[in-house]
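Q: Give me a 3D structure for the following:
(2 chains)
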Amino acid sequence: MQLTNDSLLRENQQNLSTQWHPPKAPTKLDAAERKRLQDKARELRAQIVEVTYTCGGSHIGGSLSQHDILVALYYRYLNIDPSRPDWDQRDRFVLSKGHGGIGHAVILADKGYFDPQLLMDFNKTGSPFGMHLDRLKVRGVDCSTGSLGHGFPLAVGIALGARVQGHKYRTYCVLGDGECHEGAVWEAAMAAGHYKPTNLTAFVDRNKLCMDGPTEKVMALEPLDRKFESFGWRVLKIDGHDFDQICDAVDTALAETERPVMIIANTIKGKGVDFMENKTAWHYGGLDAEMRAKALESIQRS
Amino acid sequence: MAKAEGLTWTVDDADHMTQAEIYGEVLTQLALKNEKIVAMTADLATSTKIGKFQAKIPERFFDFGIAEANMVAVASGIAETGLIPVISTFAVFASLRAAEFVRTDLCYQKRNVKIIGTHSGTSFGQAGTTHHCTEDLAVMRSFANMVVIAPADARETAKAVEAVLGWDGPCYIRIGRGFEPPLHKDLDFDFEIGKAIELRDGHDVTVIACGVTVLHAMEAAARAAANGVSVRVLDMHTIKPIDEAAVLKAVADTRRIITAEDHSVVGGLGSAVADLIAKSGKGCAFRKLGYQDEFSIVGYPEDLLHHYKIDADGILEAIAEVVRAEFEQDENWEDED
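A: As a prediction, this is how the structure comes out:
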């Protein structure tokens, strides 16, 4: 009997969902776990401010809006080992909105992939750290992103490659909402709707702003949820700064066996720093000593 | 002029009309021995011959539909998992439509992905400019870490496919539609990435050719010999990394260089050779044959090669011209007869 690609893929899918279990994940967050994540998020938000202050500027707005999603993934879900960044069975993470690299780097440093002191060289000539992280220079980075619309199909590819080989690891991808203007995002969405890599979980960091202003004024995306659904995805909508909702959504995605899952996370650009929140201008910016102090104080209160 | 009457066929008949199926067979055989090889196309499984792979190893084959940019990025992701993707689509879509994805997701990230661009040059003559590709060598050559190969015939293509699968990094192979006449009678020849094949030695003028023009260069050389002109023919299948030593030797030995390619004279083989001639500091008579910074007319491929003077007649004409050409002589003239 000649197995078609479809039936083989479905078979693989079923094997994956019954045999793989997310590491150390109770069903709901208890108070201690919630606090652990919130404290870690707060601590690393302050780090993002510090690195931005030192290096002269960063994509701080988007790094703060994506932050809680990344903290949930890196501190609760990703099956990774910082001492073995090339471990071939590790979970993969693709920051398709690659300009959030500074936020990603701060987390990687905290996880132990490299000496946090190196972050102080961000953007300097010859530094391994530029605005967009280079997988060949920064340990812990699975794909070099930065040009929008690339990371998402890269993540689809990782998921498909894993499945062809019967590997059990998961792939996570975070997109920007403005990034969804790119045609390549929809090509990837269509391919995933067709090949159904359920070992892929994706997020849109829906902070509703792009560089020229609100996304709905520049190039309207709504109804974004119905768009992904029509491409064959299961869509979940959450508050991207609520750890209970983030974790519920990821747990749901991990259990989903029919379709890949897109989690549209409603977020606030600049979240945690009151003078940056929801401001288009803070897509990219620098901080002087006074603003740094104000930003840190705001984060402490958050 | 080529004749169309009496030709009744569809894409499904292409199988027994051409030798290009050799490449599809070779790839499939290699993939049966190496489980890491996966293949993919953008709705061109039959035209590009990668359909053979699909038939034999469906679980490692992906059709991504008419979406080339996605296909290249997905291939990069698949390569991250340790597999070796081989992409096949038309040259114009692989090199231009998906250019940024090739550069940023394959070359910049040094992914072990192979691209086979078919229907390159004007081999798809009747389809017109939207399906021609006279710029792919220029584009791919400009990307760091990319290997660029234009094999002369189906047998060379088979060897090139094998060679790139043994090479760690992104590679681009460009071929025609598969109807090209054979240059090699069998597989008994050496093929090494970056090493030109000297098909014919000579000392009056050198023709450096790639792809379909190689056979034409050989014909032109034979006809020139009848007129007492000694022509060296180099099959420069690898445009990048180009065989610099072979070019410099041709410069030193003959001082008269003609390049020929089914490609624009801007940025392809001719430009790569010109870079080396200029670098050598030696005076040369030099002509580039190809599309002279223009888009092609519609036509049968063999007619187009003749029209644009890249066929044997055109090469012979260039030989006659270059042999008579004056050029600035320098002091290191010991190598001149």
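
Q: tell me how far stretch B:152-168 is from the chain's mean position?
A: A distance of 11 Å separates the centroid of the chain from that of stretch B:152-168, by C-alpha atoms, centre = their mean, to the nearest Å.

Q: That one: which residues count as buried?
A: Using 16 or more other C-beta atoms under 10 Å in any protein chain shown as the test for burial, stretch B:152-168 gives B:152-161, B:163-165. Where you see a C-beta, it was placed from the backbone N, CA and C, and this is true even at glycine.

Q: Does A:Lys217 lie in a helix or a strand, and which?
A: According to DSSP states H and E, A:Lys217 maps onto helix A:215-218.

Q: how much space between the residue in the stretch 51-200 of chain A that chain B sits nearest to and B:Gly290?
A: Taking C-beta to the nearest C-beta as the measure, the stretch 51-200 of chain A has A:Gly157 as its residue closest to chain B, at 2.2 Å. Counting by C-beta to C-beta, to the nearest Å, the separation of A:Gly157 from B:Gly290 is 35 Å.

Q: Look at the two and report which has more neighbours.
A: Comparing A:Gly157 with B:Gly290 by other C-beta atoms under 10 Å in any protein chain shown, the one with more neighbours is A:Gly157, at 36 against 25.

Q: sorry, back to before: run a quick neighbour tally on the residue lying closest to the residue of the stretch 51-200 of chain A closest to chain B once chain neighbours are set aside.
A: Spatially, and ignoring its direct neighbours in sequence, A:Gly157 is nearest to B:Gly77 (2.2 Å; C-beta to C-beta, 6 or more residues apart in numbering or on different chains). Close neighbours of B:Gly77, defined as other C-beta under 10 Å, add up to 33.

Q: Just the element for B:Gly77, please.
A: Using DSSP H and E, B:Gly77 falls within helix B:68-80.

Q: May I see the buried residues of that helix?
A: Neighbour-count burial for helix B:68-80 [16+ other C-beta under 10 Å]: B:68-80.

Q: Let me know the next secondary structure element after that helix.
A: strand B:84-90.

Q: Parallel or antiparallel, list what pairs with that next one.
A: The strands that strand B:84-90 pairs with in its sheet are strand B:37-41 (parallel), strand B:114-118 (parallel) (by DSSP bridges).

Q: what sits against A:Tyr53?
A: Residues in contact with A:Tyr53, defined by C-beta atoms under 8 Å, 6 or more residues apart in numbering or on different chains, are A:Gly286, A:Leu287, A:Ala289, A:Arg292.

Q: re earlier: and the helix holding B:Gly77, what does it pack onto?
A: Contact here means 3 or more C-beta pairs under 8 Å, 6 or more residues apart in numbering or on different chains; DSSP states H and E; on that basis helix B:68-80 packs against helix A:151-164, helix A:183-195, strand B:37-41, strand B:84-90, helix B:99-101.

Q: if you average pLDDT over the helix or strand harbouring A:Ala105, what comes out?
A: Using DSSP H and E, A:Ala105 falls within helix A:101-111. Average pLDDT, helix A:101-111: 98.

Q: and that helix, which residues are buried?
A: Across helix A:101-111, burial judged by 16+ other C-beta under 10 Å covers A:Gly101, A:Ile102, A:Gly103, A:His104, A:Ala105, A:Val106, A:Ile107, A:Leu108, A:Ala109, A:Asp110.

Q: residues in contact with the fourth one?
A: So that's A:His104. By C-beta under 8 Å, 6+ apart, the contact list for A:His104 reads A:Ser63, A:Leu70, A:Leu95, A:Leu133, A:Val141.

Q: Lovely, talk soon.
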